[in-house]
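Engineer: what would the 3D arrangement of this be:
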Amino acid sequence: MTLEVLVLCGALYAMRIFAIGAGYHRYFAHRAYKTSRIVQFLLAVLAQSSAQRGILWWAAKHRRHHRHADTDLDVHSPRQHGFLYAHLGWIFTPRHHATDYGDIPDFARFPELVWLDRHPYLPAALLGLLTWLTAGWPGLVVGFCWSTVLVWHATFAINSIAHVAGCRRYVTGDDSRNNWFLAILTMGEGWHNNHHAYQASVRQGFRWWEYDPTFYVLKLLSWLGLVWDLQTPPEAVVRGEQRLGRKVIEKVARQLAVGWPIEGIATRTHEALAETPVWSELQSRLVAARGQAEAFLAELHLPHVPSLEEIRGYAEARLARTASLDDIARRTRQILLESILARLLKKAEAATR
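Structural biologist: Coordinates of the predicted model:
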């Protein structure tokens, strides 16, 4: 092994890590900037030289990941499927092999990209051949193969480690985390919680000290006119002041609601109501007014049901700072009331038969 082939290994690693972040991810999956059709194709070829399947396959799977992040529909969630499956196993699962062209219609309209996607390992094979021709077997084994494996695991670590280890600055409804070490390994992709907070940004290191070489290179390319319309996050997003969308609020509220012992609360609530002299009347009202029963239950001020302030404190202790904390707390309490109500209704209906 010589210094030259180690330098080749490092150069091919850096080149392809950049292509994955700038190409597969920020351009094809998220359209965080614009470029010409020629540069688009060259970027796709360079990204596919990493041997991570086709450009459309990669971007489509990633879009699906964001739609269902850390739910049972996520293709690589450590929470749902375990760390090893999220890191590597999902790629070898047959049901994930097909390209979901319906998830990426904007790029599937380009025949050259579809052709490239259907020949996913051609760029990698050509690059491997080139390294063999120019640097012999050491160049192929160390320069190409070693760097390819390193690129694989650095990329896969974003799917696995960046959803397990790190800090969460923003409330996103998933397990995404910022990991400074992964940001170094992946040229900026490790600021994963930032990315989930504002996916359209070409810059994933939101703070000046958050190292993001992929963005720096893209900025340089924009000065050369090769790329343009680089999207960056609004200041309200960076400061955590932007209100969350309805879907994120719903997702976070349901996650918080799971932390409360609903079954126990419902049992104690039923026992407390059953001891009141008007329990029979309450049962009838619950059954007769199902649509308003939740509001009715909320008005009872039962001591076993957590108050809005208690839920707000519970959420504040577990979440990053967010302008939507009150919305999350209200929805969490509503979900708890719905769950308690469902159990009370079941008991009430059984008693009135």
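Engineer: please, where are all the helices along the stretch 151-300 of the chain?
Structural biologist: 180-185, 192-197, 213-223, 235-238, 246-258, 262-274, 279-288, 293-299 (DSSP state H, counting those that start in this stretch).
Engineer: so, low pLDDT: which residues of the stretch 201-350 of the chain?
Structural biologist: 270, 272-304, 347-350 (pLDDT under 70).
Engineer: same thing but at 90, please
Structural biologist: 240, 257-308, 310, 333-350 (pLDDT under 90).
Engineer: surely Met263 meets Arg343?
Structural biologist: I think there's a mix-up here, since residue 263 is Glu and not Met. Yes - contact criterion C-beta atoms under 8 Å: Glu263 and Arg343 qualify, at 7.5 Å. Backbone N, C-alpha and C define where each C-beta goes, glycine included.
Engineer: pick out whichever of these two has more residues nearby.
Structural biologist: Arg343 (16 against 11; other C-beta atoms under 10 Å).
Engineer: list the contacts for that one?
Structural biologist: Arg343 makes contact with Ile262, Glu263, Ala266, Thr267, His270 under the criterion C-beta atoms under 8 Å, 6 or more residues apart in numbering.
Engineer: now the angle from the helix or strand where it lies to helix 246-258?
Structural biologist: In the assignment (DSSP states H and E), Arg343 maps to helix 325-352. Counting by axes from the mean of the first three to the mean of the last three C-alpha atoms, to 10 degrees, helix 325-352 lies at 60 degrees to helix 246-258.
Engineer: now do the buried residues in helix 325-352.
Structural biologist: Within helix 325-352, the residues that qualify as buried by neighbour count (16 or more other C-beta atoms under 10 Å) are 325, 327-329, 331-337, 339-341, 343-345, 347-348.
Engineer: likewise stretch 116-136?
Structural biologist: Leu116, Asp117, Pro120, Pro123, Ala124, Leu127, Gly128, Thr131, Trp132, Ala135.
Engineer: got the contact list for it?
Structural biologist: Taking C-beta under 8 Å, 6+ apart as the rule, stretch 116-136 contacts 4-5, 8, 12, 41, 44-46, 48-51, 53-57, 99, 139-140, 143-145, 148.
Engineer: so where's the stretch 1-150 of the chain uncertain?
Structural biologist: 1-4, 72, 88, 91-97.
Engineer: so which residues of it form helices?
Structural biologist: Along the stretch 1-150 of the chain, counting by DSSP H, counting those that start in this stretch, helices occupy 3-19, 37-48, 55-67, 78-81, 83-87, 105-108, 111-117, 122-138, 147-160.
Engineer: what is the distance between the last one and the centre of its chain?
Structural biologist: So the one you mean is helix 147-160. 17 Å (C-alpha atoms, centre = their mean, to the nearest Å).
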